[in-house]
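I need the structure of the sequence given here:
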Amino acid sequence: MFRAVAGDFRAIWRDGGSLARASLVLLAVAAAMHLAALAGLGMNDVGFAVTGVPHVAVIVLGWCLVGRGFIGHYRGWRARASFRAFRGPPAWRLWILFALIGLYMGAWALYLASLGEGGAEVRDGAYVWLDGARTVREITPAEYHHWNVAMLALFSAAWCWFSLVIAIGHWKTDAFHRSLETRRAGDAPAAG
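Below is the predicted model of the structure:
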C-alpha cells in the first residue's frame, strides 16, 4: 500500500503543474513539522514566523485551486466537455489517506478540547491558562510546553490535510485542462 501511495505522489509530481508540486512540497514541510511536534518541539520552539509560512501557503494554494476550478469549469461548459473530464486521474488511495489524516487531525482537536476552554499563555512572567481575557489558573512550564506541542501537532496535521487535498485538486485540474486542450486540438480544422 505504501508503494502504491508513493507512486500516486510521483504521478502528482510528474503530471501535475507547478501548483500541484508546490502543494506536495508544502505537504512534506507540514509532515516534517508534525514529526518535530511528536518529538517534543512546540509552537514557541519553532516560532510563529516559521509556522506562519505553511499557514499562508495553504491559504494561497487553496485560493489558486478555487480560481482554477472556476476558470476550468467555465471553459468546460464553453467547450461542451463532459463531466468525466473533471474526474481526472484516479486517486482513491490518496482520498483514503486524506480521510485518515482528517481523522487523525480530529483526534488532536478533541484532545486539545479535552484540556479545557481557552489556552496557555505567559503573562507577566507567569504561565497561566486563559479563557478569553480571564485568567483561570496558573500552570507549570511543563504544561505550557505541552500545550504548545499539542498546538503544533494539530496545526501541522491540518496543513498536511489541506495540502494533500489541494495537491489532488491541482493534479485533477491539470488533467482537466489537458483534456480540454486535447479536445480543442482535435476540433481544430486541419491546415491545408
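
quick check on A133: phi, psi?
phi -100, psi 0 (degrees, to the nearest 10).

need the nearest residue in space to V149, chain neighbours excluded.
G42 (4.4 Å; C-beta to C-beta, 6 or more residues apart in numbering). Where you see a C-beta, it was placed from the backbone N, CA and C, and this is true even at glycine.

tell me the phi and psi of R134?
phi -90, psi 130.

coming back round to it: pLDDT score assigned to the residue nearest to V149?
With respect to pLDDT, G42 scores 90.

what about this protein, any weak spots by pLDDT?
For the chain, the stretches with pLDDT under 70 are 69-90, 183-192.

wait, a strand at G40?
No: looking at G40 with DSSP: H, G, I helix; E, B strand; the rest coil, it is coil, so not inside a strand.

next one: phi and psi at it?
phi 110, psi 0.

neighbours of it, how many?
11 (other C-beta atoms under 10 Å).

just to revisit the earlier point, relative to A31, how far out is the residue nearest to V149?
Going from G42 to A31 by C-beta to C-beta, to the nearest Å gives 17 Å.

got it, and V128?
Separation of V128 from A31 (C-beta to C-beta): 32 Å.

what do you get for S114?
From S114 to A31 the distance is 25 Å (C-beta to C-beta).

ok, now G169?
Going from G169 to A31 by C-beta to C-beta gives 19 Å.

who's more crowded, those two?
Between G169 and A31, G169 has the larger neighbour count (other C-beta under 10 Å), namely 23 against 17.

a strand runs through H177, doesn't it?
No: assessed by three-state DSSP, H177 does not belong to a strand; its assignment is helix.

gap between it and H170?
10 Å.

counting neighbours, go ahead and name the busier of those two.
H170 (26 against 18).

hmm, L65 and that one touching each other?
Yes: assessed by C-beta atoms under 8 Å, H170 is found in contact with L65 at 5.9 Å.

list residues touching both of these two?
Any residue near both H170 and L65 by C-beta atoms under 8 Å, 6 or more residues apart in numbering counts here, and that gives L19.
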